[in-house]
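Engineer: sequence plus predicted model, see below.
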Amino acid sequence: MNQTRDNITRELDKTLRLSELVVIENVVVKDYETLTPAVLERMTARLQALSIMTTALTSKSKLEEWRELDAPVQQAEINVWTAAAARLRSVAAFVETCRWQREPDEFDARLALWEQAVANVRGNDRPRLVRRLVNQIKLLN
């Protein structure tokens, strides 16, 4: 779990730094129609929201909530984070190159399996925050 969290945090940081850099410097890019300053500003705002939610999910109380989940639910969440890290790497590559180099990923499939796994979870706020974070990742595309 720690390695997955570290990978996601690292990719979030890279993507956030790159998108902020492009917005701040207002760099002229190859495909200006696709990657305008307005698009980058929206991406930066979404990445900032992701960063805040990731920080919340890695807080002590949220990690305790994670420990309270059944093992299959925990594994499903780890699988979502792994796929999310891959998706964020694609976003970072897009910001760097202005081209989607997105390879087929398992994000949606793993998310669907996670949704099934958490369907019966009650009294635990973690799934709500994970959903919000996942929705922010989806908005980056």
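Structural biologist: Cool, the structure landed.
Engineer: beyond the worst-scoring helix or strand of the chain on mean pLDDT, next helix or strand please.
Structural biologist: Using mean pLDDT, DSSP states H and E, the weakest-scoring helix or strand in the chain turns out to be helix 2-25, at a mean of 64. Toward the C-terminus, helix 2-25 is succeeded by helix 37-57 as the next helix or strand (DSSP states H and E).
Engineer: next helix or strand past that following helix?
Structural biologist: Immediately after helix 37-57, counting by DSSP H and E, sits helix 60-68.
Engineer: return the list of helices and strands in contact with that next one.
Structural biologist: Here helix 60-68 touches helix 126-139, going by 3 or more CB pairs under 8 Å, 6 or more residues apart in numbering; DSSP states H and E. The way it works is simple: take the backbone N, C-alpha and C, and place the C-beta from them, glycine included.
Engineer: name the helices or strands packed onto the helix it packs on?
Structural biologist: Counting contacts by 3+ CB pairs under 8 Å, 6+ apart, helix 126-139 is packed against helix 37-57, helix 60-68, helix 71-97, helix 107-118.
Engineer: among these, which comes closest to Lys14?
Structural biologist: When these are compared by CB to CB, helix 71-97 sits nearest Lys14, at 5.0 Å.
Engineer: which other helices and strands contact the closest one?
Structural biologist: Judged by 3+ CB pairs under 8 Å, 6+ apart, helix 71-97 is in contact with helix 2-25, helix 37-57, helix 107-118, helix 126-139.
Engineer: any chance of a markdown table for those, columns distance to Ala76?
Structural biologist: Output for these, formatted as a markdown table (distance: least, CB to CB, whole Å):
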| stretch | distance to Ala76 |
| --- | --- |
| helix 2-25 | 12 |
| helix 37-57 | 15 |
| helix 107-118 | 4 |
| helix 126-139 | 10 |
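Engineer: so which of those is nearest Asp70?
Structural biologist: helix 107-118 (8.2 Å).
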